[in-house]
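**Q** A predicted structure for the sequence below; I have some questions about it.
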Amino acid sequence: MSNKAYTDLLALLGIGGAHPGGLELTKTILLKESLEDKKLLEIGCGTGQTSLFLDAMNVDITPIDNHPIMIEKANHRFTEHQAEITALQMDIEKTEFRDSTFDLILSESVLSFTDTVKTLPELHRLLKEDGVLLAFEMTKKDTMQHELEDKMKQFYNMPNIFSEKDWKEALEQCGFKKVEITPLEIEELEPSEPDINPSQIIEEKYFEVMHQHEELTYESQKHIELSVIRAQR
């Protein structure tokens, strides 16, 4: 799973949308889907920003995350907005749901930080026939050097950094079909105002983690892009 210090940092800061483009990009992509009468699962829901948007559209949404602070902040958000949904603490590599439970699964910058050998088959299991996996994931370009890739994998504790081709092959090997991958240049995405809900106490060590993350982001920005992945079961 992801680097604990970095994951804790995101949770302590209460980052609502970590991927470039933020909630506005997510809305744009989601609204292209037919969501009426569909049962959705959001994995790695964070502080519940996207799930609240979907709930406001009367979508049957189940949010899960593996971090207790994220779960606490998501449920606080839902209570504040009188939304009748509850975020559940659950590991996406092995959930507690029955087979073929969901019509659509949403992942926002989550799968890259998991063991996809476990996660992708689990998501395939959870989807109904012809159900859709919609994911926003980092993809590496051919220009990424091994040294930088190794540095990122070590810092974030990522098993792999996939290219578009790698994602397509991994998904198809797990039984997904109609795999469509749309790359987006990060520099061309509209800047989004970050949604944050910081905890009252954040230890000094986490600001060093933030600094390291910012340095890696700057170093890697020309060698990665954001890809919108849509795959059917």
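**A** Received the coordinates, thanks. Model, not experiment: these values are computed from the prediction.
**Q** got any ranges where this protein has weak pLDDT?
**A** Within the chain, the ranges that satisfy pLDDT under 70 run 1-3, 14, 16-20, 186-194.
**Q** which stretches of it form helices?
**A** Here the chain has its helices, by DSSP state H, at 4-13, 22-30, 49-56, 68-80, 116-126, 146-156, 164-173, 205-220.
**Q** most centrally placed residue in the chain?
**A** With distances taken as C-alpha atoms, centre = their mean, residue 108 lies nearest the centre of the chain, 2.5 Å away.
**Q** so it bridges to which residues?
**A** Beta-bridge partners for residue 108, by DSSP bridges, are residue 136.
**Q** tell me if I'm right that it and residue 51 touch.
**A** No - counting by C-beta atoms under 8 Å, residue 108 sits too far from residue 51 to count as a contact (10.6 Å). All C-beta spots, glycine's among them, are computed from the backbone N, C-alpha and C.
**Q** overlap of the contact sets of these two?
**A** Residues touching both residue 108 and residue 51 (C-beta atoms under 8 Å, 6 or more residues apart in numbering): residue 42.
**Q** report back the residue of this protein that's furthest from centre.
**A** In the chain, the residue most distant from the centre (C-alpha atoms, centre = their mean) is residue 204, at 26.4 Å.
**Q** distance of it from residue 210?
**A** From residue 204 across to residue 210, the span is 11 Å (C-beta to C-beta, to the nearest Å).
**Q** please apply the same query to residue 131.
**A** For residue 131, the distance to residue 210 (C-beta to C-beta) stands at 37 Å.
**Q** which one of these two has more residues nearby?
**A** residue 131 (22 against 16; other C-beta atoms under 10 Å).
**Q** how many neighbours does the closest residue to that one other than its chain neighbours have?
**A** Closest residue to residue 131 apart from its sequence neighbours, by C-beta to C-beta, 6 or more residues apart in numbering: residue 233 at 4.7 Å. When counting by other C-beta under 10 Å, one arrives at 22 neighbours for residue 233.
**Q** for the remainder of this discussion, apply numbering that starts at 21.
**A** Yes, from this point I'll number from 21; that puts the last item at residue 253.
**Q** do you know how far residue 253 is from residue 49?
**A** From residue 253 over to residue 49 the distance is 18 Å, taken as C-beta to C-beta.
**Q** over to residue 189?
**A** 22 Å.
**Q** neighbour-wise, which of the two wins?
**A** More crowded of residue 189 and residue 49, by other C-beta under 10 Å: residue 49, with 16 against 13.
**Q** the more buried one and residue 155 touch, don't they?
**A** No - checked against C-beta under 8 Å, the pair residue 49 and residue 155 is beyond contact range at 10.1 Å.
**Q** overlap in contacts of these two?
**A** What both residue 49 and residue 155 touch, as defined by C-beta under 8 Å, 6+ apart, is the set residue 248.
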